[in-house]
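J.: Starting from these lines, generate the structure:
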Amino acid sequence: MNKHHLAFAVIVLFPVLAVAEDAPKLVEGKGEGWRALGEKDFVDVNGDENTWTFDGEIIRCTGRPVGVIRTAKKYTNLELVVWWKHEKPAGNSGVFLWATDEVLKDLPKGKLPPGGIEVQVLDPAYETNWEKRTGKKPDWFTGHGDVFPVGSSKMTPFPPTAPNKRRSFPTKRLVKPAGEWNHYHVRAVDGEVRLSVNGEEVSGGKDCMPASGYLCLEAEGAPIEFKGLRIRELP
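T.: Numbers count the residues shown, from 1 in each chain. Coordinates of the predicted model:
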């Protein structure tokens with residue numbers, strides 16, 4: 001190859017490499033098998049009339065009373081895309097996977113389901129407030145995408161873990177603060193959960209029991225918005 005041909009090859013090659021490096025790291029909820037989740041896909045469990053409101057793709061939650069809404073149908077293997085934004089610093093919420101009829105039946109206002117796998121939706125300022133209040137750094141939770149079993153449910157967490165070995169801590173701290181949108185991509189297949197936060201996989205677990213049930217969005221005392229919920233069922 002002469003020097004003119006070599007120069008042309010280099011010019012052509014570099015744009016190709018740049019595109020590859022900038023390619024999305026995960027599916028954004030578009031393409032075959034994906035569908036949007038909206039108002040018709042959810043059932044209130046133990047909220048007030050105004051706790052949850054739907055405005056197009058936006059789902060708003062006042063956070064009060066504490067409780068959940070659930071999907072109208074049950075899921076086993078799935079991928080889920082969720083955008084979320086806390087309205088105030090230190091807000092708390094979550095996405096429940098595989099909540100069963102038993103843990104949702106007759107659930108009183110002010111209570112969360114005593115079962116399911118929680119993908120935590122926590123503002124980082126919650127950690128800061130905890131440290132100010134107690135004088136200690138929290139060692140049992142983070143504000144960056146913990147995944148853990150609730151109540152009667154079981155899971156073997158991926159490391160790093162909380163001291164009690166029940167909670168998977170994120171490998172990176174990628175959650176943006178209140179007022180900014182965060183992107184979660186959840187893959188839950190054959191009892192294994194993997195969470196990506198803003199484009200990078202950070203936490204999860206395996207051997208989840210139960211591994212089939214409803215998906216729930218959580219109200220836990222703070223105003224929050226969700227948008228762009230999309231789901232794809234997997235075999």
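J.: Which strand or helix spans Arg60?
T.: Arg60 is part of strand 58-61 when elements are defined by DSSP states H and E.
J.: Now do the buried residues in that strand.
T.: Across strand 58-61, burial judged by 16 or more other Cβ atoms under 10 Å covers 59-61. (Each C-beta comes from the backbone N, C-alpha and C, glycine too.)
J.: do the same with stretch 204-217
T.: So, applying 16+ other Cβ under 10 Å, buried residues of stretch 204-217: 204-205, 208, 210-211, 213-217.
J.: for this structure, what helix or strand is lowest in average pLDDT?
T.: Lowest on mean pLDDT, DSSP states H and E among the helices and strands of the chain sits helix 3-21, with a mean of 35.
J.: right, and the helix or strand after that one?
T.: strand 34-36.
J.: What helices and strands are in contact with that next one?
T.: Under the contact definition 3 or more Cβ pairs under 8 Å, 6 or more residues apart in numbering; DSSP states H and E, strand 34-36 sits against strand 224-233.
J.: try 10 Å
T.: Counting contacts by 3 or more Cβ pairs under 10 Å, 6 or more residues apart in numbering; DSSP states H and E, strand 34-36 packs against strand 78-86, strand 224-233.
J.: What strands line up against that strand, and which way round?
T.: strand 224-233 (antiparallel) (DSSP bridges).
J.: Centre of the chain to the partner strand, how far?
T.: Strand 224-233 sits 9 Å away from the centroid of its parent chain (Cα atoms, centre = their mean, to the nearest Å).
J.: what ranges of this protein fall below the confidence cut-off?
T.: Along the chain, the model assigns pLDDT under 70 to residues 1-28.
J.: Helices of that one, start to end?
T.: 3-21, 101-104, 125-134 (DSSP state H).
J.: surely Ser93 meets Glu220?
T.: Yes. With contact defined as Cβ atoms under 10 Å, Ser93 counts as touching Glu220 (5.4 Å).
J.: Overlap of the contact sets of those two?
T.: Counting by Cβ atoms under 10 Å, 6 or more residues apart in numbering, the common neighbours of Ser93 and Glu220 are 61, 63, 68, 120-122.
J.: Tabulate the residues you listed in JSON lines, adding columns for distance to Phe226.
T.: Shown next, in JSON lines, are the shared contacts of Ser93 and Glu220 (distance: Cβ to Cβ, whole Å):
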{"residue": "Cys61", "distance to Phe226": "7"}
{"residue": "Gly63", "distance to Phe226": "12"}
{"residue": "Val68", "distance to Phe226": "13"}
{"residue": "Gln120", "distance to Phe226": "14"}
{"residue": "Val121", "distance to Phe226": "9"}
{"residue": "Leu122", "distance to Phe226": "14"}
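J.: In strands, which of the residues you listed fall?
T.: Mapping those onto strands (DSSP state E) picks out 61, 68, 120-122.
J.: can you redo those residues as JSON lines with distance to His183?
T.: Conversion of these to JSON lines gives the following (distance: Cβ to Cβ, whole Å):
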{"residue": "Cys61", "distance to His183": "18"}
{"residue": "Val68", "distance to His183": "21"}
{"residue": "Gln120", "distance to His183": "15"}
{"residue": "Val121", "distance to His183": "12"}
{"residue": "Leu122", "distance to His183": "15"}
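J.: Much appreciated, bye for now.
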